[in-house]
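In: Whatever this is, show me its structure:
(2 chains)
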Number of protein chains: 2
Amino acid sequence: MRYSQLFTKTLRDAPKDETAKGAQFLIRAGYVHKELAGIYDYLPLGLLVIENIKQIVREELNNIGCQEVLMSTLQNPEPWQKTNRWDIEKMDVWFRTQLAAGGELGLAPTHEEPITNMMRTYISSYKDLPVYVYQFQTKFRNELRAKSGIMRTREFIMKDLYSFCADEKTHNDFYHKAELAYHRIYRRLGIGDDTFQAFASGGVFSKYSHEFQTITTVGEDTIYYNADKSVVLNEEVLNDEVLTELGVKREELKSTKAAEVGNIFTLKTKYSGPLDLKYTDTEGKRRDVIMGCYGIGISRVMGVIAEKYCDNNGLIWPESIAPFKYYLIGIGEQGAEQAEELYQQHTNDILFDDRNLRPGEKFHDAELLGIPYRIVISDRSLEKSEVELTDRRTGETKNIQLTELQKLINQ
Amino acid sequence: MRYSQLFTKTLRDAPKDETAKGAQFLIRAGYVHKELAGIYDYLPLGLLVIENIKQIVREELNNIGCQEVLMSTLQNPEPWQKTNRWDIEKMDVWFRTQLAAGGELGLAPTHEEPITNMMRTYISSYKDLPVYVYQFQTKFRNELRAKSGIMRTREFIMKDLYSFCADEKTHNDFYHKAELAYHRIYRRLGIGDDTFQAFASGGVFSKYSHEFQTITTVGEDTIYYNADKSVVLNEEVLNDEVLTELGVKREELKSTKAAEVGNIFTLKTKYSGPLDLKYTDTEGKRRDVIMGCYGIGISRVMGVIAEKYCDNNGLIWPESIAPFKYYLIGIGEQGAEQAEELYQQHTNDILFDDRNLRPGEKFHDAELLGIPYRIVISDRSLEKSEVELTDRRTGETKNIQLTELQKLINQ
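Out: Numbering: from 1, shown residues only, chains lettered A, B, ... in the order given. This is a model prediction of the structure:
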């Protein structure tokens, strides 16, 4: 893409109420625009990051046999009343609205109830199971306080997956597959080394759930872990009973700030029971379907990565989710011509800064935007048929032959 | 995809309140699920159709220099108050909701106000213009009556494009480009021959707007046209003044039912004025930005096509938006084996009905789902190395060599 065609400009300042550093950069670099506290728009570069994250998640979930759907935002109270989650006292994040035709609706904060209810149409026999269904959907949560830019918002993009199985063994097998898929996802997103699967509270129906926690100083959670990180605990399950069961001592654990980037729950019959989602087993008996749910906040992950990977000059995107892999600057007459030629050959990989600005301003924006590699082609570098390639993460610059760069981009 | 992996099943009946034929088929075939009147979920096959429609629209808009964004659903009242559209008496389709932290928000029924308001951050000089921005976004309209399945709903997927220009000439040039892009879009969607650009009321700021109307018996509108369809009018502008201006006589016009599948408006300064979106021109003067807006209801288009292209047995998707191009059935031992082999080579193009059902049931579902081509491979057909290929639209069946079929699929 040509920078000159992008309507966004880098901004000198972020809104004053935006205190998180990554969030400030996301706004200043033109990835997102803040509508209100906890409500953001995704601008062209930001939407590219969101779509890159979604595609990684989609591929890994399709790989383990999941099917993509898109459920409605507007919610009929009925199924939520059956599970006792319509009441604001039971679930305090509801946004409510009134139908002009009469009646109250909610804006979905999550989708266990409607999807369980819908599955009654499609699941009746053991032959219809298992079913694994996910969506990328905009969720609404009426948070009292929105925090840390797009990390905790009132409107956000979430991947939610639901599993429906005939028995616990099938459920446990899938739960394990989902765990592995999640680890692959975080690795591909570039946060694998610092993302840990932590034991968390399981609620009434299961002993534990699992959270995926990414170590970062702006994290809202504290996690506890032993030396080899084989045991990682969320604060809420740090008690003697759990420690004994997991075979670690409190004094062996270190703590760190972390941000939740995903969670997986065994739901058993928590929703299928009250919503009457049953199947007929091989012996003709009616049984409750065994469920699980598996979330990843897509926009939240973008926010966590923005906070985790930035320095004083701007963002530092992992290659796999960067809007573009290369930021191209041409200096001088021949430099500009050669840059134009290179861009034409790789329009999808390159953000070409063809704006009529001084090189210094372009260098500044390249850092702020956090594109992984900066290519500078100047009249001087071309004297040796070379270009300058700078790694945004390490700051290292090397001069390489133009032909070598071509090979690199084609990889 | 293997049908056995799809969680949806074809249903004998649609909900009783679903009277439109196409909508009944969409539900019975497992494309959509009805949550409430005017509120639907998109199931795996339905989401594939939606994504196919979006991709065609995206390609054509990117081609004329548009940039994709994603604006928020939750709306700050302020910009809407400035244009006098927050008031329910002025715009009666608002869904409203209350912030737990205090204050009222709306669910966006359209996005002129927030996008105009946002552009104040990015547009300040003539050098920043023109800007063409679009999104695929879920819109909410508090309709008193929802109608015709997914054609008129309370929650729907819309493509809305907004243009920002320095002067009328640039605006008019882009408006014309958008017209041509819309014609290309409808052609690619398979409704080009029956979709006409009709004059409609322009509101206070412009003489006319244009609607794109697709002829169909379930259409809510009536359009009037002359013999060569060079003049097409929406009912609301059928008056003597307009007829004189367009040089047609009332008695030369025929009428037909049609469904609106898109509209384009010249907005001039209707929103930029009250929202103070100005730019500095080449002489240093501050001027209001000239705007236009351009809508296509993505889920509505899916609904219109479902109504327009169906027969007594089910849906008939145009190839370009069908979830799969081929529906594959194997009969007999060798037939099933050969079908399996064919499927493995073309998993993306084929919906392989590998379910343990009688051939008659599979034929029935193939028609109901409306996949463009049905391939039947049976022991008998294989005796001549042939397969049976049936065109869903014409019903024509021909026997072709397996090798010839391979070539066809690879095209």
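
In: Pull up the per-residue confidence for the residue of the stretch 301-411 of chain A found nearest chain B.
Out: Residue of the stretch 301-411 of chain A nearest chain B, by CB to the nearest CB: A:N356 (8.7 Å). Glycine gets a C-beta too; all of them are placed from N, C-alpha and C. pLDDT for A:N356: 95.

In: Verify the assumption that it is located in a helix.
Out: No. Under the criterion used here (DSSP: H, G, I helix; E, B strand; the rest coil), A:N356 is coil, not part of a helix.

In: how many other residues sit next to it?
Out: If you count neighbours by other CB atoms under 10 Å in any protein chain shown, A:N356 ends up with 6.

In: Mind jotting down where the helices sit in chain A?
Out: For chain A, the helices defined by DSSP state H cover A:21-28, A:44-63, A:77-82, A:112-119, A:168-188, A:240-246, A:298-308, A:332-345, A:359-369, A:379-382, A:402-410.

In: Convert the C-alpha atoms of the longest one to CSV, please.
Out: Yep, that's helix A:168-188 we're talking about. Extracted C-alpha coordinates of helix A:168-188, given in CSV (Å, rounded to 0.1, in the frame of the first residue of the first chain):
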residue,chain,number,x,y,z
GLU,A,168,-16.6,-36.7,29.2
LYS,A,169,-13.9,-38.6,27.4
THR,A,170,-14.7,-37.0,24.1
HIS,A,171,-14.9,-33.7,25.8
ASN,A,172,-11.5,-34.1,27.6
ASP,A,173,-9.9,-35.2,24.3
PHE,A,174,-11.2,-32.1,22.6
TYR,A,175,-10.3,-29.8,25.5
HIS,A,176,-6.7,-31.1,25.2
LYS,A,177,-6.7,-30.5,21.4
ALA,A,178,-8.0,-26.9,22.1
GLU,A,179,-5.1,-26.4,24.6
LEU,A,180,-2.6,-27.4,22.0
ALA,A,181,-4.3,-25.2,19.4
TYR,A,182,-4.2,-22.3,21.8
HIS,A,183,-0.4,-22.8,22.3
ARG,A,184,0.1,-22.9,18.5
ILE,A,185,-2.0,-19.7,18.2
TYR,A,186,0.0,-17.7,20.7
ARG,A,187,3.3,-19.0,19.2
ARG,A,188,2.2,-17.8,15.8
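
In: can you tell me how far the nearest residue to A:Y271 once chain neighbours are set aside sits from A:S206?
Out: Once flanking residues are discounted, A:Y271 sits nearest to A:T116: 4.4 Å by CB to CB, 6 or more residues apart in numbering or on different chains. Computed as CB to CB, to the nearest Å, the A:T116 to A:S206 distance reads 16 Å.

In: Same question for A:F140.
Out: 26 Å.

In: can you give me the strands for the stretch 251-400 of chain A?
Out: For the stretch 251-400 of chain A, the strands defined by DSSP state E, counting those that start in this stretch occupy A:254-268, A:278-280, A:286-288, A:290-297, A:310-311, A:314-315, A:326-331, A:350-352, A:373-378, A:386-391, A:397-401.

In: Among those strands, which comes closest to B:A108?
Out: strand A:290-297 (21.5 Å; CB to CB).

In: Direction included, what does that closest one pair against?
Out: Strand pairing for strand A:290-297, using DSSP bridges, gives strand A:155-165 (antiparallel), strand A:254-268 (antiparallel).

In: Can you give the distance of it from its chain's centre?
Out: Offset of strand A:290-297 from its chain centre (CA atoms, centre = their mean, to the nearest Å): 15 Å.

In: Could you give me the buried positions within that strand?
Out: A:290-297 (16 or more other CB atoms under 10 Å in any protein chain shown).

In: For A:G30, give me its contacts.
Out: Residues near A:G30 by CB atoms under 8 Å, 6 or more residues apart in numbering or on different chains: A:6, A:8-11, A:43, A:45-46, A:369, B:122.

In: Buried ones among those?
Out: A:6, A:8-9, A:11, A:43, A:45-46, A:369, B:122.

In: With pLDDT and distance to B:I191 added, can I get the contacts of A:G30 in JSON lines?
Out: Shown next, in JSON lines, are the contacts of A:G30 (pLDDT from 0 to 100; distance: CB to CB, whole Å):
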{"residue": "A:L6", "pLDDT": "97", "distance to B:I191": "33"}
{"residue": "A:T8", "pLDDT": "97", "distance to B:I191": "35"}
{"residue": "A:K9", "pLDDT": "94", "distance to B:I191": "39"}
{"residue": "A:T10", "pLDDT": "97", "distance to B:I191": "42"}
{"residue": "A:L11", "pLDDT": "96", "distance to B:I191": "43"}
{"residue": "A:L43", "pLDDT": "98", "distance to B:I191": "32"}
{"residue": "A:L45", "pLDDT": "98", "distance to B:I191": "34"}
{"residue": "A:G46", "pLDDT": "98", "distance to B:I191": "33"}
{"residue": "A:L369", "pLDDT": "98", "distance to B:I191": "41"}
{"residue": "B:Y122", "pLDDT": "97", "distance to B:I191": "35"}
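
In: what does the stretch 151-300 of chain A have sitting close to chain B?
Out: Neighbours of chain B within the stretch 151-300 of chain A, by CB under 8 Å from any CB of the partner chain: A:154-155.

In: Low-confidence ranges, the stretch 151-300 of chain A, go.
Out: A:204 (pLDDT under 70).

In: so what's the closest residue to chain B within it bridging to?
Out: When distances are taken as CB to the nearest CB, the stretch 151-300 of chain A reaches nearest to chain B at A:E155, 5.2 Å away. Note on A:E155: beta-bridge partners by DSSP bridges are A:F140.

In: ok, how many other residues are close to it?
Out: Using other CB under 10 Å: A:E155 sits among 23 other residues.

In: what do you get for A:V248?
Out: Neighbours of A:V248 (other CB under 10 Å): 18.

In: Just the local confidence number for the nearest residue to A:L368 once chain neighbours are set aside, please.
Out: In this structure, A:L368 finds its nearest non-sequential neighbour in A:G314, 3.6 Å apart by CB to CB, 6+ apart. On pLDDT, A:G314 comes in at 98.

In: surely A:G314 meets A:E367?
Out: Yes. Proximity of A:G314 to A:E367 meets the contact threshold set by CB atoms under 8 Å, at 4.7 Å.

In: Kindly provide the distance from A:Y122 to A:L277.
Out: Distance of A:Y122 to A:L277, given as CB to CB: 10 Å.

In: Now the two most distant members of the contacts of A:G30.
Out: Among those, A:L369 and B:Y122 lie farthest apart (CB to CB), at 15.2 Å.

In: Against A:A100, how distant is the closest residue to A:G192 other than its chain neighbours?
Out: Spatially, and ignoring its direct neighbours in sequence, A:G192 is nearest to A:Y186 (4.8 Å; CB to CB, 6+ apart). Using CB to CB, A:Y186 is found at 44 Å from A:A100.
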